[in-house]
Every structure is written in C-alpha cells, then in structure tokens.
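S.K.: sequence unknown, structure follows:
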C-alpha cells in the first residue's frame, strides 16, 4: 500500500535561513510525487511535482525538491525562507492511474521567525 | 491554470440538519472528483471518489448514507452531509484532475475547502 511519512511535525526557521522538509514514501511502482502548501483555513496549492526525468524539480515560490529513489525520499528545499512561507506543507504520492486519488503525509507546519 | 471552486467556504448548522457543499471545476472537465476531510492539525483523509454519471466510491469507514455524493455533470460534484452531528464538524476539501491530463498523472487541483461547524 502507498504511504507517505513526514517525520517532522513542526519546524521553525529564521527568515533568510535555508529550509528542508523531509518526505519518505512507500510505493510498489514508480511513484508520482507532489508537494502542496496550505495556508490556514485554505485549500491546497501545488508547489511542485515529480513524474519522471530529472530528479531535481523546481517549483513555484523558489522551492525545489529532489527525488532519491535509493532513499525513497522527496525532500523539499528552499535556500532562503520568507515570512510568507509560514504554512502547512504536505507531501503526497499518486498511483499510476489518472483516476486515483493522492495519499498525503501528515504534514509539516513551518513557522518563520524574524 | 485549472481552478476548482468550492462553496460555501464556511457553514454553521444545527445538529440534525443537512448541509450541501458544491465543488466546481471552472475551466476544465473532470469525470472524477475526490472529497477529502481534514481534522484540525491533521492530514487529508480521502472520503470518497465521485464519478460523473455513476455512484461514488467510498473509503472504508465512511458512511455513504450520511455523506451523499452526486456528480451530475463534468464540472460539478456535491457532498451533502445529512443529519449532521457535532462530530461531523471538520474541514472538507474537494479536488479534481483535468480530464485531458488524466492519463498523465497530472496533479490534483483543490478547492479552498469548506469549514463545517455543527452546533
């Protein structure tokens, strides 16, 4: 069965510091991986996705993620965090069919301090 | 980009009443939409898969008679919480995938969610 683990429930970083949010997945075939961001009381916005090809993918808002098959990981990174990045971040994995839903990790809450 | 509109964004209802939540794909068609539920500070849990023109598929533990789903057109799915109870209070989010991109595992596009409070 598919599963996604986000080991860090809450992370606090200083504005301007670098960020890495961890994501590990379990999936029997080629995973399709996503990172979403959710502001309080809002829906989810897609940051980036990985389907195939280059294992380092670029997303919106300066985020990037690297797919490492050997580690079953898809960690999200940003070189310099802005206060507006404070939100909940969800990693998700999809199956191989277009009509299947995504399975989400439990999320990591990012706080940004001055 | 693809937009999913969800309405209402917030609703408060009395225990025992029913509430309908609408999910619309504004600039694309979706034969399949997904309804998720999110408890405070929790992840999204899939409730059901809504299929246009046919019955929804419910996840284990989700009462289909309580959470009625209708997917009457390629751009609209509705979730009706019947005989609501305080424990149904939650954040409900719908999502859809552009039908054209279905075969390419395109990302899900999410509505902004509905905060349901049952008093």
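M.R.: Perfect, thanks for sending it. Because the structure is a prediction, the values reported are computed rather than measured.

S.K.: What's the local residue count around residue 34?
M.R.: No chain was given, so I picked chain A. The local packing of residue A:34 (other Cβ atoms under 10 Å in any protein chain shown) involves 27 other residues. The C-beta positions use only the backbone N, C-alpha and C, and glycine is treated the same way.

S.K.: Chain B is the one I meant
M.R.: 26.

S.K.: cool, the one 10 residues further on as well?
M.R.: The burial metric for residue B:44, expressed as a neighbour count using other Cβ under 10 Å, is 27.

S.K.: what bridges to the nearest residue to it once chain neighbours are set aside?
M.R.: In this structure, residue B:44 finds its nearest non-sequential neighbour in residue B:36, 4.1 Å apart by Cβ to Cβ, 6 or more residues apart in numbering or on different chains. Applying DSSP bridges to residue B:36 gives these bridge partners: residue B:46, residue B:93.

S.K.: Give me the pLDDT value at residue B:36.
M.R.: As predicted, residue B:36 sits at a pLDDT of 95.

S.K.: Check whether it really touches residue B:92, as I assumed.
M.R.: Yes. Here residue B:36 reaches residue B:92: they are 7.2 Å apart, a contact under Cβ atoms under 8 Å.

S.K.: Please enumerate the shared neighbours of the two.
M.R.: Common contacts of residue B:36 and residue B:92, defined by Cβ atoms under 8 Å, 6 or more residues apart in numbering or on different chains, comprise residue B:47.

S.K.: With neighbour numbers in mind, choose between those two.
M.R.: In terms of neighbours (other Cβ under 10 Å), residue B:36 is the more surrounded of residue B:36 and residue B:92; the figures are 26 against 23.

S.K.: for that one, what are its contacts?
M.R.: Listed by Cβ under 8 Å, 6+ apart, the contact partners of residue B:36 are A:101, B:44-47, B:92-95.

S.K.: likewise residue B:34?
M.R.: Contact analysis of residue B:34 by Cβ under 8 Å, 6+ apart lists A:101-102, B:46, B:48-50, B:94-96, B:108.

S.K.: For chain A, which segments count as helices?
M.R.: Here chain A has no helices by DSSP state H.

S.K.: Quick one: low-confidence residue ranges for chain B.
M.R.: Residues of chain B meeting the criterion pLDDT under 70: B:1, B:99-106.

S.K.: what pairs with the residue most central in space within chain A across the strands?
M.R.: Nearest to the geometric centre of chain A sits residue A:35, at 3.4 Å (Cα atoms, centre = their mean). Beta-bridge pairing of residue A:35 under DSSP bridges involves residue A:48, residue A:91.

S.K.: Please enumerate the strands of chain B.
M.R.: Secondary structure of chain B, counting by DSSP state E: strands at B:4-7, B:10-13, B:19-25, B:32-38, B:44-51, B:57-58, B:67-73, B:76-81, B:90-96, B:109-110, B:114-118.
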